[in-house]
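S.K.: the sequence isn't on hand, but the structure is:
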DNA sequence: TCACTATATTCGCATATACCCATATGGTTA
DNA sequence: TAACCATATGGGTATATGCGAATATAGTGA
């Protein structure tokens, strides 16, 4: 298992797979915000916000522009974030299958 | 940050965010397979496959049907897996923004 | 220059994860 | 029943993660 493509995809997913980072992305999806804005909106420590933003930036999901001593973060891959938020909000019902249908499909061992 | 909904969504993403599990899902997406099938296809230790399948099952992403002494695993939430595989295969170009546009948007601090 | 604000980073710690190897469980077949 | 298959799980270990608290860095404005 050294498929580079899958590794990269998994790494991207991993960065997205954190409740605080999802919350940050939801906020940023509505418009650019600086660190303190996010801190106030989500009510979490500043260092925490900063860390999560760094993680998102490492994957080029967000970026920032400096404005005085503030940094305005924005979503740099809007399609990705929109796609993500849509994806995780979808309804994905479980479809149990009969032993028979599964067993027949599974008969591929020599 | 105790948003239960976001926690659950993040947890689901987290389970999906592993290269081996993605590979397993790609295989299962083409049809049900037993543990040894997957082990052979991906060339990874059996205990490893078994553990990843357990993780996927915990999130009700896959399930299995017993067939003799084998367990045929199948995708129990096909829409989720299809959606995932489509999502991670998409193209999401970076769209850098000017400091000006970001700064104006960010002016929401009182 | 000095106090203040905004942000990033380091430290220490607790917890989670993934892996390998070995073993347990239970069905299968000779 | 005995050897064998398929699968799950426990032990041990290395590594990663996330957090709070404290600190560092740098811009701002009096």
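M.R.: Nice, I can see it. Nothing here was measured: the structure is a model prediction, and the numbers come from that model.
S.K.: how about the residues of chain A by DNA strand D?
M.R.: With the criterion set to C-beta under 7 Å from any atom of the strand, chain A comes near DNA strand D through A:14, A:18, A:20, A:44-45, A:47-48, A:51-52, A:55, A:68-69, A:109. Bear in mind the C-beta positions are built from the backbone N, C-alpha and C, glycine included.
S.K.: let's see it at 6 Å
M.R.: A:18, A:20, A:45, A:47-48, A:68-69 (C-beta under 6 Å from any atom of the strand).
S.K.: in what element of secondary structure is residue A:102 found?
M.R.: Using DSSP states H and E, residue A:102 falls within helix A:99-106.
S.K.: just the buried positions in that helix, please.
M.R.: For helix A:99-106, a neighbour-count test (16 or more other C-beta atoms under 10 Å in any protein chain shown) marks A:102-103, A:105-106 as buried.
S.K.: what lies in contact with that helix?
M.R.: For helix A:99-106, contacts defined as C-beta atoms under 8 Å, 6 or more residues apart in numbering or on different chains pick out B:31-34, B:37, B:64-67, B:70, B:72, B:74.
S.K.: give me the three-state assignment for residue A:64.
M.R.: Under DSSP: H, G, I helix; E, B strand; the rest coil, residue A:64 falls in the strand class.
S.K.: which residues does it bridge with?
M.R.: Beta-bridge partners for residue A:64, by DSSP bridges, are residue A:73.
S.K.: so how far is DNA strand D from it?
M.R.: 13 Å (C-beta to the nearest atom of the strand, to the nearest Å).
S.K.: number of residues surrounding that residue?
M.R.: Counted with other C-beta atoms under 10 Å in any protein chain shown, residues neighbouring residue A:64 total 21.
S.K.: hmm, back to that, distance to residue A:27 added to the contacts of helix A:99-106, as JSON lines?
M.R.: Listed next are those as JSON lines, based on distance: C-beta to C-beta, whole Å:
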{"residue": "B:31", "distance to residue A:27": "41"}
{"residue": "B:32", "distance to residue A:27": "41"}
{"residue": "B:33", "distance to residue A:27": "41"}
{"residue": "B:34", "distance to residue A:27": "45"}
{"residue": "B:37", "distance to residue A:27": "44"}
{"residue": "B:64", "distance to residue A:27": "40"}
{"residue": "B:65", "distance to residue A:27": "43"}
{"residue": "B:66", "distance to residue A:27": "46"}
{"residue": "B:67", "distance to residue A:27": "48"}
{"residue": "B:70", "distance to residue A:27": "48"}
{"residue": "B:72", "distance to residue A:27": "43"}
{"residue": "B:74", "distance to residue A:27": "38"}
